[in-house]
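Enquirer: Here is a sequence together with a model predicted from it:
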Amino acid sequence: MRKVIFILLATVTIMSIFIYHNTKVGQDHFIYVAVNGSDQYDGTKAKPFRTLAKASAEAKAGTTVFIRKGIYHEKFVVKHSGTKAKPITFKAYKNDKVVLSGKSLKDVEGDTSLVTINNKNYITISGLTIQDLTTDLTDETVMGIYVTGSSSHITLENNHVQRIKTHADDGNGHGIAVYGTGPMKDINILNNIVGNLQLGFSEALVLNGNIDGFKLENNLVRHNDNIGIDLIGYEGISTNKKNDYVRNGVVKNNQVYEISSYGNPAYGKDYSAGGIYIDGGKNIIIEKNTIYNCDIGIEATSEHAGKYADHINIRDNLIYNNFYTGISIGGYDEKRGGTIHSTISQNILYRNDTKGLDGGQLLLQYDTKNNVIERNILTAGPSSLLIVNYFTTNQANKLQENVFHKEKGKTAIWVWKEEEYTSFPEFKKASKSDKKSSYIDPKYEDEQKYDFRLKKDSPAKDIIE
């Protein structure tokens, strides 16, 4: 009897080990793709698949797809969703250079993207170079990475998107585009390079529609002929009109430079492209970004009448040498929306308005209400303009503890509710700035090298820090 029991126990143990082993394999499933592989193979490291399409079809929840070095001339569509416990990851194998190229794709009307994620969840795309997708068609929008539908828990990290171009005068293109036609959440765009794009009327890195919760961090966005980073609402993207706007997110530690619409056929000679643009977003933090040589450093407003950029916190950014202005809030005319309940604090605004377009360092346009502007340091550019406010629709905006850079032998100009001031005391009175607002030399460590740390004896330390 004991012998029978022993045999039964041994059998159960062996079966348990077998079940455990197979469950673990299911949780840690790997697929390999290589340019010398075949879709008739089994997708192992020794016998990899040839195409991303085949790998995507086979990659179920819990799969990591390793892509070996080489150039892949195909469009890549994610076919399945992962889960919280078993996400799906597509990534370059180790340090291999993996290129998705659109060179062989022909012009077709509609949306064309090299990577597409539509109504999928728990997906990561990592370490890919995505490039060379162009069009001559006005009705074709070309994109490097396109996330749409109700996709959530998406991570795009360490990718390089370049040379996505529309050659049509009224065309559109994006480097990375996330369009929440349905509800989206937990969108993470981290450590990517997005550059050398021809965008027409569109943006390099854009979130648009019903998106609730996101992080855009440590990206490098550069050398593009329209807006760098854009967070948009109220364009009719979402099927839910009430929630058709981007909200509850962070844009942090990004470098954005050489962003200008000047010479873009869609804009002609206008300097209108923002490095970072909040167009109708809500509850968004814009923090610790470095932005230079753009048309506008940071802009927060809404292009739709009766709508607002609301509760936007623009803080601790370095914004310098931009062509039109450093930071702009409010609509550019009375047919637009505006900016409300937002805070601009502890930013360094240094010698913007380099083209002499009268934007100054901080531009308040149409319909700005109940905003707080505090503890910033502003240094005038060639136009001598510091704060510029040409609209009288400036209501209950508070200016407190700001430092305006007093430079020897140079004049400074403030414009407040259409009145121009060259006297700081008069501007201070007109704008109702608090007693701690000052016109002094903040004493930077080395302006020539853009070292904006304050010296130990800086009179601004007690105000700003």
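Expert: Looks like it arrived, so ask away.

Enquirer: Residue 156: helix or strand, and which one exactly?
Expert: Following DSSP states H and E, one finds residue 156 within strand 152-157.

Enquirer: Work out the gap between whatever helix or strand comes next after that strand and the centre of the chain.
Expert: The element immediately downstream of strand 152-157 (helix or strand, assigned by DSSP H and E) is strand 160-166. The chain centroid and the centroid of strand 160-166 are separated by 16 Å under Cα atoms, centre = their mean, to the nearest Å.

Enquirer: tell me what strand 160-166 is packed against?
Expert: Using 3 or more Cβ pairs under 8 Å, 6 or more residues apart in numbering; DSSP states H and E as the contact criterion, the secondary-structure elements in contact with strand 160-166 are strand 128-135, strand 140-148, strand 172-184, strand 193-197. C-beta coordinates here come from the backbone N, C-alpha and C atoms, glycine included.

Enquirer: now those strands in a markdown table, with mean pLDDT and mean neighbour count?
Expert: As requested, those are arranged in a markdown table below (pLDDT from 0 to 100; neighbours: other Cβ atoms under 10 Å):
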| stretch | mean pLDDT | mean neighbour count |
| --- | --- | --- |
| strand 128-135 | 98 | 22 |
| strand 140-148 | 98 | 26 |
| strand 172-184 | 98 | 25 |
| strand 193-197 | 98 | 23 |
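
Enquirer: among those, which is nearest residue 369?
Expert: strand 172-184 (27.3 Å; Cβ to Cβ).

Enquirer: my guess is residue 53 is in a strand, correct?
Expert: No: following the definition DSSP: H, G, I helix; E, B strand; the rest coil, residue 53 is helix and is not counted among the residues of a strand.

Enquirer: how close does the closest residue to it other than its chain neighbours get to residue 447?
Expert: Counting by Cβ to Cβ, 6 or more residues apart in numbering, the nearest residue to residue 53 once its immediate chain neighbours are dropped is residue 74, at 6.3 Å. The gap separating residue 74 from residue 447 is 50 Å, by Cβ to Cβ, to the nearest Å.

Enquirer: and if you look at residue 266?
Expert: Residue 266 is 36 Å from residue 447, where distance means Cβ to Cβ.

Enquirer: Same question for residue 114.
Expert: Counting by Cβ to Cβ, the gap between residue 114 and residue 447 amounts to 42 Å.

Enquirer: If you count surrounding residues, which of the two has more?
Expert: Relative neighbour count places residue 114 above the other of residue 114 and residue 447, with 26 against 15, counting by other Cβ atoms under 10 Å.

Enquirer: just to revisit the earlier point, check the burial of the residue nearest to residue 53 by counting its neighbours.
Expert: Burial of residue 74 is recorded as 15 neighbouring residues (other Cβ under 10 Å).

Enquirer: quick one: secondary structure of it?
Expert: Counting by three-state DSSP, the three-state call for residue 74 is coil.

Enquirer: Return the residues in contact with it.
Expert: 51-53, 100 (Cβ atoms under 8 Å, 6 or more residues apart in numbering).

Enquirer: can you redo those as a markdown table with distance to residue 280 and pLDDT?
Expert: Converted to a markdown table, these look like this (distance: Cβ to Cβ, whole Å; pLDDT from 0 to 100):
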| residue | distance to residue 280 | pLDDT |
| --- | --- | --- |
| 51 | 40 | 98 |
| 52 | 35 | 98 |
| 53 | 37 | 97 |
| 100 | 32 | 98 |
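
Enquirer: Now a ChimeraX select for only the buried ones of those.
Expert: Provided next is the ChimeraX selection string for whichever of the contacts of residue 74 are buried by 16 or more other Cβ atoms under 10 Å:
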select :51,52,53,100
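
Enquirer: Tabulate the contacts of residue 74 in CSV, adding columns for distance to residue 33.
Expert: Compiled in CSV, these are given as follows (distance: Cβ to Cβ, whole Å):
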residue, distance to residue 33
51, 7
52, 6
53, 10
100, 11
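
Enquirer: which of the contacts of residue 74 lies closest to residue 140?
Expert: The shortest approach to residue 140 among the contacts of residue 74 belongs to residue 100, at 18.0 Å (Cβ to Cβ).

Enquirer: thought that closest one was touching residue 115?
Expert: Yes: using Cβ atoms under 8 Å, residue 100 is in contact with residue 115, at 6.8 Å.

Enquirer: Which neighbours do the two have in common?
Expert: Common neighbours of residue 100 and residue 115, counting by Cβ under 8 Å, 6+ apart, are 76, 128, 130.

Enquirer: Show the average pLDDT along stretch 210-228.
Expert: The pLDDT scores in stretch 210-228 average 98.

Enquirer: what does stretch 371-381 give?
Expert: For stretch 371-381, the mean confidence score works out to 98.

Enquirer: do the same with stretch 90-99
Expert: Mean per-residue pLDDT for stretch 90-99: 97.

Enquirer: Between the two ends of it, how far is it?
Expert: Stretch 90-99 has its terminal residues 13 Å apart, counting by Cα to Cα, to the nearest Å.
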